[in-house]
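Asker: give me the fold of what follows.
(one chain, ligands or ions: 3)
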Amino acid sequence: MTKTQLRGLYAITPDAPLPLATLVDQVGAAIAGGARLIQYRDKTHPPDERHRYATALLACCRAAGVPLIINDDLELAAVLGADGVHLGRDDPDPRLARKRLGESAIIGVSCYDQLALAEAAQAAGASYVAFGSFFPSPTKPNAVRPAPDLLTAARGRVALPLVAIGGITPHNGRSLITAGADMLAVVTGVFAQPDITAAACAYTNLFSEGDPLR
Ligand SMILES: Cc1ncc(COP(=O)(O)OP(=O)(O)O)c(N)n1
Ligand SMILES: Cc1ncsc1CCOP(=O)(O)O
Ligand SMILES: [Mg+2]
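Answerer: Ligands and ions are numbered 1, 2, ... in the order given. All right, here's what the predicted structure looks like:
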């Protein structure tokens with residue numbers, strides 16, 4: 001996937017620890033609903049388990065032709081040959097990640113509510129920048145809360161794909177795409193739903209609204 005194809009639903013694995021087979025099934029269901037990028041985000045398992053989970057998820061994503069991004073853990077991404085890494089303020093520097101993973105890796109950087117961080121991430125070789133939490137997030141209740149027009153401002157200041165995250169539903173997601181988001185990053189709205197494929201589809205459809213070929 002080239003950088004210009006970073007558009008659509010970005011599904012991020014849920015916090016609750018799940019059996020590996022269940023998580024692989026759920027990620028497959030999200031991909032069936034049109035998810036364009038998957039992030040393995042795991043704050044609970046020890047490193048050897050994270051290696052086992054990420055290996056299985058990478059096989060699932062590769063079979064579907066969807067890139068797998070590893071959250072936080074640059075070394076895990078490098079060792080597995082995953083498609084990229086997502087880095088926040090407590091994580092390694094994007095320059096180090098670019099050096100370690102190579103030119104074609106997808107390197108995402110959290111910018112919270114700060115345009116200056118996005119400009120710095122672009123200068124450091126990021127592939128996309130992420131802003132949020134735009135709405136109250138069950139996954140990160142204490143996250144900062146930018147207004148959607150931050151995306152519009154970011155459009156004028158950075159040339160990278162813009163990812164919006166935090167409390168995004170198929171209903172409120174439209175306003176973020178209108179404001180300039182290229183991708184909607186979602187945990188709860190996809191993985192906490194009874195029909196994960198249908199939930200993913202509802203986000204996917206937002207990206208083809210207004211498309212004359214639809
Ligand atoms: C796409 C995307 N955007 C933001 C984040 C948050 O990253 P970070 O601030 O490092 O927080 P944690 O996710 O590590 O708790 C993300 N993971 N993905
Ligand atoms: C990781 C992260 N960073 C800001 S909000 C968030 C969680 C998004 O999850 P949800 O879609 O459940 O609000
Ligand atoms: Mg992080």
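
Asker: which residues of this protein lie near ligand 1?
Answerer: Those residues of the chain that sit near ligand 1, judged by C-beta under 6 Å from any ligand atom, are 10, 12, 39, 41, 71-72, 86, 88, 91, 108, 110, 130, 163, 165, 185. For every residue, glycine as well, the C-beta is placed using N, CA and C.

Asker: among those, which are in strands?
Answerer: Residues of the residues of the chain next to ligand 1 located in strands (DSSP state E): 10, 12, 39, 71, 86, 108, 110, 130, 163, 165, 185.

Asker: show me what contacts the residue nearest to residue 73 when sequence neighbours are not counted?
Answerer: Here the nearest residue to residue 73 in space, its sequence neighbours aside, is residue 50; by C-beta to C-beta, 6 or more residues apart in numbering that works out to 6.8 Å. The contact partners of residue 50, taken as C-beta atoms under 8 Å, 6 or more residues apart in numbering, are 40, 42, 73, 76.

Asker: sort out for me which of these are in helices.
Answerer: In helices, judged by DSSP state H, the following of these are found: residue 76.

Asker: could I get the contacts of residue 50 as CSV with neighbour count, pLDDT and distance to residue 206?
Answerer: As requested, those are arranged in CSV below (neighbours: other C-beta atoms under 10 Å; pLDDT from 0 to 100; distance: C-beta to C-beta, whole Å):
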residue, neighbour count, pLDDT, distance to residue 206
40, 26, 98, 24
42, 22, 98, 27
73, 23, 98, 30
76, 20, 98, 31
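
Asker: so who does the closest residue to ligand 3 within the chain touch?
Answerer: Residue nearest to ligand 3 within the chain (C-beta to the ion): residue 88, separated by 3.3 Å. Contact analysis of residue 88 by C-beta under 8 Å, 6+ apart lists 72, 109-110.

Asker: and ligand 3, which of these contact it?
Answerer: residue 72 (C-beta under 5 Å from the ion).

Asker: ok, so of the contacts of residue 88, who is nearest ligand 1?
Answerer: The closest of the contacts of residue 88 to ligand 1 turns out to be residue 110 (C-beta to the nearest ligand atom; 3.8 Å).

Asker: might you report the residue contacts of that closest one?
Answerer: 86-89, 117, 130.

Asker: buried among those residues? Make that a PyMOL selection.
Answerer: Buried subset of those, written as a PyMOL selection, criterion 16 or more other C-beta atoms under 10 Å:
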select buried, resi 86+87+117+130
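
Asker: right, and the secondary structure at residue 44 would be what?
Answerer: Look at residue 44: counting by DSSP: H, G, I helix; E, B strand; the rest coil, its state is coil.

Asker: which residues of this protein lie near ligand 3?
Answerer: Neighbours of ligand 3 within the chain, by C-beta under 5 Å from the ion: 72, 88, 91.

Asker: rounded mean pLDDT for the longest helix that the chain contains, please.
Answerer: Ranked by number of residues, the top helix in the chain under DSSP H is helix 47-64. Averaging pLDDT along helix 47-64 gives 98.

Asker: shaky segments in this protein?
Answerer: Low-confidence segments of the chain (pLDDT under 70): 1-4, 210-214.

Asker: would you list every one of the strands in it?
Answerer: Using DSSP E, strands in the chain cover 8-12, 37-40, 68-71, 84-87, 106-112, 128-132, 162-165, 183-186.

Asker: thank you kindly, that will do.
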